[in-house]
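A.B. asks: Build me a model:
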Amino acid sequence: MSRDAHITCPKCREILDPFVASGVQVDLCTACGGIWLDKGELGKLYGSWGIVEIERAAGPPRRQTPPSSDLVDLDCPACQAKLITLHVKGADLDGCVGCGGVWLDSGELGPALDSFGARGDPNLIKELATAVTARRDKA
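C.D. replies: Numbering: from 1, shown residues only. Below is the predicted model of the structure:
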């Protein structure tokens, strides 16, 4: 991420810590274990050791947050647009209708990548960006 300003966790409002994993800069919440990925970063992590690096850096969550749902109203940490819950291939992810970023709660990165990677087609990761774009176009 190339922002100079600090961004905050949409779930617990702690300041997110930038972290580089497998050459991809992500933003971690060390309080609840959530991860902010700018548009395209989920795809860059596919097939890398980034998930292990991120999980080690985040450590165990110190704070529990409720799971995402269509009823939870969250603001994007990057652009302040609303996050929407996307049900993509068995994974529930929070996507931003404004900038296309993705919020993952603690423990969701592995299942999100597995949901796409288990099918043997890394292009399926693009479905997330497509789903966010489709929702944005309807808004």
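
A.B. asks: Three-state assignment for residue 56, please.
C.D. replies: helix (DSSP: H, G, I helix; E, B strand; the rest coil).

A.B. asks: Give me the pLDDT for it.
C.D. replies: The model reports residue 56 with a pLDDT of 78.

A.B. asks: what's the answer for the one 3 residues further on, then?
C.D. replies: In the prediction, the pLDDT value recorded for residue 59 is 71.

A.B. asks: What of residue 2?
C.D. replies: Looking at residue 2, the pLDDT reads 43.

A.B. asks: ok, now residue 27?
C.D. replies: pLDDT recorded at residue 27 is 95.

A.B. asks: again with the one 10 residues further on
C.D. replies: At residue 37 the predicted local distance difference test score is 90.

A.B. asks: Specify the beta-bridge partners of it.
C.D. replies: Beta-bridge pairing for residue 37 (DSSP bridges): residue 102.

A.B. asks: Tell me who's in contact with it.
C.D. replies: 26, 27, 45, 101, 102, 103, 104 (CB atoms under 8 Å, 6 or more residues apart in numbering). The way it works is simple: take the backbone N, C-alpha and C, and place the C-beta from them, glycine included.

A.B. asks: Return the residues in contact with the nearest residue to the third one once chain neighbours are set aside.
C.D. replies: Okay, so that is residue 45. Of all residues beyond its chain neighbours, the one nearest residue 45 is residue 24 (5.7 Å), with distances taken as CB to CB, 6 or more residues apart in numbering. When contacts are counted by CB under 8 Å, 6+ apart, residue 24 touches 41, 44, 45, 48, 50.

A.B. asks: Need the max-distance pair from the contacts of residue 37.
C.D. replies: Farthest-apart pair in the contacts of residue 37 is 45 and 103; separation 14.5 Å (CB to CB).

A.B. asks: Can you tell me which helices and strands whatever helix or strand residue 84 lives in packs against?
C.D. replies: Element membership of residue 84, judged by DSSP states H and E, is strand 82-88. Strand 82-88 sits against strand 74-75, strand 91-96, helix 126-138, with contacts defined as 3 or more CB pairs under 8 Å, 6 or more residues apart in numbering; DSSP states H and E.

A.B. asks: Can you say which of the contacts of residue 37 are buried?
C.D. replies: Those of the contacts of residue 37 that meet the buried threshold are 26, 27, 45, 101, 102, 103, 104, by 16 or more other CB atoms under 10 Å.
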